[in-house]
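> no sequence on hand, only this structure:
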DNA sequence: CATTTTAGCTGATGATAATAATCTTATTGA
DNA sequence: TCAATAAGATTATTATCATCAGCTAAAATG
């Protein structure tokens, strides 16, 4: 039966949120339209009233995931401050992040699988990544090379988390997170904000 | 019809090699048993004479991929020398590696998808990663922290390549490779071997 | 050489998937 | 109020896939 405009919008938002969690948790191919619809409290048949295809939803779900996470990194504006960046990095390189991909970084959860996705997915990841880089780079007091440092920070963190998840619960998983935390460009970010101005 | 012992071994090796290339090129789930058998010049039915399951083959294919690559990093022994490490890093962070995952690093190609694979795949990736870390760490003159530096090198390179492939052919792809090449722990590895002793 | 074994082929089997068609009924817009 | 619309359910449709079963003929074994 038909729903009101508001109820329809709420359904759509529920689908995007369910997809955003399930894709990160189980992967893009392993998650079916029916899984997502069930998680959203609907049946699979109604899906195509909201989205033209699974791929279109996937791109939107990734965009939503990035939006959710940049809200944490820069709660009120267009740059991260020292404290929020420190918290972001510590959370990123934590066991909690390893264990909960469904609310974690979409790049770490989907990067290698998304290499085989259609252009809309590449665009969503590029846009989300760009926004992240920009937020981090703008938080650095010295603009010189700040963007390259932000790119390295993200590459190292994404790689560390992806590797840690890929090797399962071996000692290697925590070791790679710990090694990343001791990176000479990351370590200074973790000092108390009052002691040291931000370097990245 | 039945084949000789040698022909059977050759078939098996062809299957592993085809799988090793196809999994890295198209992903684990996107590659079917029939695709692999066809690439090996066989039909899909004979697959289970060689392997108990697709997952078992996948683990073996990943192990073979690591073996092939460590042969390049340390052609004759159990450690990389300065020259081979430099070549390895430059090749790793190159457009050629981006464009040819089928012969590239299995960790970069498969990490995030392998997070949802069975334990045998985790074990194969852990063993291959461990061997890589060891080879790189042993090449450092100062053992102190060499292992952690090797872990960071791998995390940064894996992350950079995975991100670059995930965002497609945007400017971001080459930018993240270039940023990784300028990492303060990576840059020294790329100087001429005679000028500077190895630092990682 | 006779017998057993088995590699690989052809062709099920059963599961799961994405997408589409149809139907019902409530909401919209006039 | 009434006709047009569309959200969501149910039920196809069409593919694809991993795995298995049976067949054939060649190799292994004795």
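Nice, I can see it. Fair warning: this is a prediction, and the values are worked out from it, not measured in the lab.

> which one is residue A:128 nearest to, not counting chain neighbours?
Closest residue to residue A:128 apart from its sequence neighbours, by C-beta to C-beta, 6 or more residues apart in numbering or on different chains: residue A:66 at 3.1 Å. Yep, even glycine has a C-beta here, placed from its N, CA and C like the rest.

> oh, I was asking about residue A:39
Excluding the flanking residues, the one nearest residue A:39 by C-beta to C-beta, 6+ apart is residue A:18, at 3.9 Å.

> got the contact list for the residue nearest to the spatial centre of chain A?
Centroid-nearest residue in chain A, with C-alpha atoms, centre = their mean: residue A:105, separated by 2.4 Å. Neighbour list for residue A:105: A:69, A:92, A:97, A:157, A:158, A:161 [criterion: C-beta atoms under 8 Å, 6 or more residues apart in numbering or on different chains].

> got a winner among those residues for most neighbours?
Within the contacts of residue A:105, neighbour counts (other C-beta atoms under 10 Å in any protein chain shown) peak at residue A:161, which reaches 31 neighbours.

> helix/strand/coil for that one?
helix (DSSP: H, G, I helix; E, B strand; the rest coil).

> that one touches residue A:99, doesn't it?
No. Counting by C-beta atoms under 8 Å, residue A:161 does not reach residue A:99; the two are 11.0 Å apart.

> helices of chain A, start to end?
Along chain A, counting by DSSP state H, helices occupy A:5-26, A:33-39, A:54-73, A:82-92, A:95-99, A:106-114, A:119-138, A:146-166, A:171-181.

> if I look at residue A:111, how far off is chain B?
Using C-beta to the nearest C-beta, to the nearest Å, residue A:111 is found at 4 Å from chain B.

> neighbours of that residue, how many?
Using other C-beta under 10 Å, residue A:111 has 29 other residues around it.

> dump the residue contacts of residue A:122.
A:114, B:166, B:167, B:168, B:170.

> which one of those sits closest to DNA strand D?
Nearest to DNA strand D out of those is residue A:114 (C-beta to the nearest atom of the strand; 18.4 Å).

> follow-up on the earlier one: put together TSV for the helices of chain A, with mean pLDDT and distance to residue B:13 on each row.
Output for the helices of chain A, formatted as TSV (pLDDT from 0 to 100; distance: least, C-beta to C-beta, whole Å):
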stretch	mean pLDDT	distance to residue B:13
helix A:5-26	96	33
helix A:33-39	98	38
helix A:54-73	96	36
helix A:82-92	94	41
helix A:95-99	98	36
helix A:106-114	98	26
helix A:119-138	97	35
helix A:146-166	98	25
helix A:171-181	97	28
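
> highest mean neighbour count out of these?
By mean neighbour count, with neighbours taken as mean count of other C-beta atoms under 10 Å in any protein chain shown, helix A:106-114 ranks first of these at a mean of 28.

> name the helices or strands packed onto it?
helix A:5-26, helix A:54-73, helix A:119-138, helix A:146-166, helix B:106-114, helix B:146-166 (3 or more C-beta pairs under 8 Å, 6 or more residues apart in numbering or on different chains; DSSP states H and E).

> show me how far the first one is from its chain's centre.
If you compare the mean C-alpha spot of helix A:5-26 with that of the full chain, they lie 16 Å apart, counting by C-alpha atoms, centre = their mean, to the nearest Å.

> DNA strand D: which of the helices of chain A is closest?
helix A:5-26 (3.2 Å).

> OK, now which residue of chain A is nearest to chain B?
residue A:159 (2.7 Å; C-beta to the nearest C-beta).

> which residues touch that residue?
Counting by C-beta under 8 Å, 6+ apart, residue A:159 makes contact with A:180, B:111, B:154, B:155, B:156, B:157, B:158, B:159, B:160, B:162.
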